[in-house]
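Visitor: I would like the atomic coordinates for the input below:
(4 chains)
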Number of protein chains: 2
Amino acid sequence: MDEEFVVGTWHYVLAKHAKAMCALERELGDRHGLGPSEFEVLDRMVHHGRKLRIQELCDEVHLSQSALSRVVARLEKAALVSRVVCDADRRGVFVCITDEGRARHAEALPTQRAVLSSVFTEAPAPAAFESAVTGP
Amino acid sequence: MDEEFVVGTWHYVLAKHAKAMCALERELGDRHGLGPSEFEVLDRMVHHGRKLRIQELCDEVHLSQSALSRVVARLEKAALVSRVVCDADRRGVFVCITDEGRARHAEALPTQRAVLSSVFTEAPAPAAFESAVTGP
DNA sequence: CCGCATTTAATGCAAGCGCATTTAATTCCA
DNA sequence: TGGAATTAAATGCGCTTGCATTAAATGCGG
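Guide: Numbers count the residues shown, from 1 in each chain, chains lettered A, B, ... in the order given. Below you'll find the model as predicted:
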């Protein structure tokens, strides 16, 4: 087990995460009134289809269950999403993205892509890194 | 500019950061009474030598100036670090790691390494990833 | 030498997070 | 079938964070 590799990877992850998160918070917030968590939830909703159980969102988004619950509440207040109790299991809640939610996501997507591109290309990882992420 | 690469890398960074941070918080906290930020500051102090200006720490640690100020305050209260006003520039503050701080860091280091190893090897990135972090 | 801009670190404040708990609905088995 | 255990989501709470501001010390131009 290569200790140096592990520690080096960790520092890389820390640095990129900090830079990207900070920039996303600023750009998405100022330009579109969205936090990174709000955008991430919207993004998953768009890619996954119309309705999604909160529990399933929880597996895909890097948030605790309670944090996700509040993000969804904020999104609902902003009318970007609506909550619908599940008929089959009335404990469950479906989250449905609204048309306005889709529109806001579409608006914000280029901003997110621009931020990520700038973060991951300014001190570009060597080409070999690509295979680490996309797989062999 | 490969959009897929950028987004894929971002998801990788998000996933690893979340997993590692969560585990570090738990393990370092339960076993050694340290948060990830406290450990990171201690770690930099150990590697950098005896005294370090807060401003310099700020460049190396992924925290805002205010957050760092508070982390140092917590560490000082725990006697792991001491603050000394700089004689040459009395606005500046030197942070000095104490013997107890060094000891605590030495105690916690294996825990951190174990956590990182488990995170970065459980679903191991392909070997090619190594060159992305350590350089060509 | 004086005053104003700058820099360093600390602090007030609000927001977001995770943990633990709560509330409500469902499942299981005796 | 009925009651205990389980599961889903929401909520109370304390903590950490970042932004903006403050307080103190320094530097610089006139």
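
Visitor: all strands of chain A, in order?
Guide: Assigned by DSSP state E, chain A shows strands spanning A:51-53, A:81-85, A:93-97.

Visitor: hang on, A:His105 packs against A:Phe39?
Guide: Yes - A:His105 lies in contact with A:Phe39 (CB atoms under 8 Å); the separation is 7.4 Å. From N, CA and C alone the C-beta is placed, and that goes for glycine too.

Visitor: So A:Gly35 sits against A:Gly29, correct?
Guide: Yes - judged on CB under 8 Å, A:Gly35 makes contact with A:Gly29 at a distance of 6.3 Å.

Visitor: one step back: tell me which of the strands of chain A is the most buried.
Guide: Counting by mean count of other CB atoms under 10 Å in any protein chain shown, strand A:93-97 has the highest mean neighbour count of the strands of chain A, with a mean of 19.

Visitor: do that one and DNA strand C meet at all?
Guide: No - if you take CB under 7 Å from any atom of the strand as the test, strand A:93-97 misses DNA strand C, and the best it gets is 10.7 Å.

Visitor: So which elements touch that strand?
Guide: The contact analysis (3 or more CB pairs under 8 Å, 6 or more residues apart in numbering or on different chains; DSSP states H and E) places strand A:93-97 against helix A:36-48, strand A:51-53, helix A:54-60, strand A:81-85.

Visitor: Of the ones you listed, which is nearest DNA strand D?
Guide: helix A:54-60 (3.0 Å; CB to the nearest atom of the strand).

Visitor: ok now that closest one, how far from the chain's centre?
Guide: Helix A:54-60 sits 12 Å away from the centroid of its parent chain (CA atoms, centre = their mean, to the nearest Å).

Visitor: can that helix be found next to DNA strand D?
Guide: Yes - against DNA strand D, helix A:54-60 shows contacts by CB under 7 Å from any atom of the strand at A:Ile54, A:Gln55, A:Cys58.
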